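# Provided below are the primary sequence and the corresponding predicted coordinates.
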Amino acid sequence: MGTLSLDRKLAILSDAAKYDASCASSGTERRDARTGGLGSTEGSGICHAYTPDGRCISLLKILMTNFCIFDCAYCVNRVSSNVERARFTVDEVVTLTLEFYRRNYIEGLFLSSGIIRSPDATMADMVRIARTLRTDHGFKGYIHLKTIPDASPELLDEAGLYADRLSINIELPQDASIRELAPEKRPETIRAAMGRVHLTREASRDRSHRGKRPATFAPAGQSTQMIVGADQANDTAILSTAARLYTGYGLKRVYYSAFSPIPDASRALPLVRPPLMREHRLYQADWLMRFYGFDVDEIAGAAPSGNLDLEVDPKLAWALAHRDDFPLDVNRAPRELLLRVPGFGTKTVNRIMTARRHGVLRYDDLLRMGAGMKKARAFVSLPGWSPRALTDSADLRARFAPPAEQLQLI
């Protein structure tokens, strides 16, 4: 194989990084300005992430290499896959990051990698990249490292000193699936590495007389990625695993990556459910667990299959299955129940709680607050508005579900 140019390496390794969901959204259509217009949704190597204060920042998102000695059945970069390979040197990644930053293209780096030679050798190169940026070039931008759980603890410890966020992929929702589809990986090793990052980060929070100081180890915390649809786990199992990760390892985010068949028929896995809509519903359900007080059984237990409804969002599906709890009196209901009203977000509920201290709320007041009354109107009552029989109407679900589409015969 001839020597690849830096541009070609960037094209290969930024495209290969698209399977890392931890700083990007997925599900949009492919659009490319080469056919006319301005901009593109793919191929640039730049993704977007959000800082704790809500700012959206651009990151250079690349793999250090897509060579890999592992043979995970769901991974396009596995050793048995027939894909074009490339590898950045440490200096090339450093140079790209600095030059992109100087041109105001990015505000940070998202770096992942296939495993070459050994987990320790690969992790050592990734740490060297972060260390070189921080210590040799004074780089103050955001760095997110996808760390390798099989690497030595010392390398994980060093990675957290230079990276803002560390992430270790949990891979799949069930241990048995990891052992079957990723035979070189051990779920116990993955969880041990995640636990070490969590404990080290907590230990770095030195107490003072003023309280806790910001963590000096991976100050933006850790996250993980879970591939959904590569095994037979239902949505209840997936969300249960996510809930355990949040409570047990202090994760900031669990990212769900929809599996789609890899174009290599020799190792193709069956597609379990429509991937992108399922991924979207899992993110919505995850949000309900983290910010709305729902537990896993409430969200995914509505259907006997243990899977989320793909036609309506999880909160609406729950409300439709619990119509006896509605309608709620908006002027009297407690906050935890208002959060369960379809169309009411956390900001809307906070505004309701503040506004009703000063007077009685009416339907138009909710509209001015930004409440999604198209959904909420069937589940709430206010002076001058009652849903009457709408809450229990047989066609209520059909009002929200997408219309049926005529399938093409050819």
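Yes, it's here.
# remind me which residues of this protein are low pLDDT?
1-2, 21-45, 48-55, 206-215, 261-274, 302, 404-410 (pLDDT under 70).
# repeat the analysis, applying 50 as the threshold.
24-33, 36-43, 265-266, 410 (pLDDT under 50).
# show me where it has its strands.
Along the chain, the stretches classed as strands by DSSP state E are 46-50, 56-63, 108-112, 142-146, 165-167, 207-208, 211-212, 222-228, 253-258, 328-329, 380-381.
# nearest to Gly306, of the ones you listed?
strand 222-228 (13.2 Å; Cβ to Cβ). All C-beta atoms are positioned from the backbone trio N, CA, C, and that covers glycine.
# okay, the angle between the closest one and strand 108-112?
When axes from the mean of the first three to the mean of the last three Cα atoms, to 10 degrees is applied, the directions of strand 222-228 and strand 108-112 differ by 50 degrees.
# what is strand 222-228 packed up against?
With contacts defined as 3 or more Cβ pairs under 8 Å, 6 or more residues apart in numbering; DSSP states H and E, the secondary structure elements packing on strand 222-228 are strand 165-167, helix 187-203, helix 235-249, strand 253-258, helix 275-291.
# the shortest one pairs with which strands, parallel or anti?
Using DSSP bridges, the neighbouring strands of strand 165-167 in the sheet come out as strand 142-146 (parallel), strand 222-228 (parallel).
# ok, residues contacting it?
Contacts to strand 165-167, defined as Cβ atoms under 8 Å, 6 or more residues apart in numbering, come from residues 22, 142-147, 156, 159-160, 197, 218, 220-225, 252.
# can I get the strands paired with strand 165-167 in CSV including mean neighbour count and distance to Ser80?
What follows is these, written out as CSV (neighbours: other Cβ atoms under 10 Å; distance: least, Cβ to Cβ, whole Å):
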stretch, mean neighbour count, distance to Ser80
strand 142-146, 24, 22
strand 222-228, 23, 18
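# can you add distance to Ala258 and give those back as TSV?
As requested, these are exported to TSV (distance: least, Cβ to Cβ, whole Å):
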stretch	distance to Ala258
strand 142-146	18
strand 222-228	6
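# domain ranges for this protein?
6-25+41-205+214-300, 314-400 (automatic domain parsing).
# and the end-to-end length of the shortest one?
Read that as domain 314-400. Distance between the two ends of domain 314-400: 12 Å, counting by Cα to Cα, to the nearest Å.
# same question for the first one.
The first residue of domain 6-25+41-205+214-300 is 47 Å away from its last residue (Cα to Cα).
# please apply the same query to stretch 327-336.
14 Å.
# may I see the buried residues of that stretch?
For stretch 327-336, the neighbour count (16 or more other Cβ atoms under 10 Å) marks 327-328, 330-331, 333 as buried.
# and the furthest pair within those residues?
Greatest spacing in the buried residues of stretch 327-336, by Cβ to Cβ: Pro327 and Asn331 (12.1 Å).
# burial count for Asp157?
Asp157 has 14 neighbours, counted by other Cβ atoms under 10 Å.
# mind listing what it touches?
Residues near Asp157 by Cβ under 8 Å, 6+ apart: 196, 200, 217.
# how does it look with 7 Å?
Contacts for Asp157 (Cβ atoms under 7 Å, 6 or more residues apart in numbering) come out as Thr200.
# ok, it to Leu172 distance?
Applying Cβ to Cβ, to the nearest Å, the value for Asp157 to Leu172 is 26 Å.
# now swap in Pro219 and tell me
In this view, Pro219 and Leu172 are 29 Å apart by Cβ to Cβ.
# more neighbours: which of these two?
It is Leu172, of Pro219 and Leu172, that has more neighbours when counted by other Cβ under 10 Å, with 26 against 15.
# wait, that one touches Gln225, no?
No - using Cβ atoms under 7 Å as the test, Leu172 is too far from Gln225 to be in contact (10.3 Å).
# Leu288 contacts Val296, doesn't it?
No - under the criterion of Cβ under 7 Å, Leu288 is not in contact with Val296, lying 9.9 Å apart.
# so Glu171 bridges to which residues?
Note on Glu171: beta-bridge partners by DSSP bridges are Met226.
# which residues touch it?
Neighbours of Glu171 in contact, by Cβ under 7 Å, 6+ apart: 178, 182, 185, 190, 227.
# highest neighbour count among those?
The most crowded member of these, judged by other Cβ under 10 Å, is Ile227 (27 neighbours).
# and that residue, how far is that from Leu111?
Counting by Cβ to Cβ - Ile227 and Leu111 are separated by 20 Å.
# before we move on, what about Ala230?
Counting by Cβ to Cβ - Ala230 and Leu111 are separated by 24 Å.
# for stretch 6-21, which positions count as buried?
9-21.
# ditto for stretch 78-88
Going by neighbour count (16+ other Cβ under 10 Å), the buried part of stretch 78-88 is 78, 81, 83, 85-88.
# try stretch 368-384
Here stretch 368-384 shows 369, 371, 373, 375-382 as buried, counting by 16+ other Cβ under 10 Å.
# pretty sure Gly160 is in contact with Ala218, am I right?
Yes - shown here, Gly160 and Ala218 form a contact pair, counting by Cβ under 7 Å, at 4.2 Å.
# give me the common contacts of those two.
Counting by Cβ under 7 Å, 6+ apart, the contacts common to Gly160 and Ala218 are 166, 197, 201.
# Produce a ChimeraX select command limited to the buried residues of the residues you listed.
One line in ChimeraX is enough to select the buried members of the shared contacts of Gly160 and Ala218, burial here meaning 16+ other Cβ under 10 Å:
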select :166,197,201
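# export the shared contacts of Gly160 and Ala218 to TSV and tack on distance to Gly301?
Formatted as TSV, those follow (distance: Cβ to Cβ, whole Å):
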residue	distance to Gly301
Leu166	33
Val197	32
Arg201	33
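# fine by me, thanks again.
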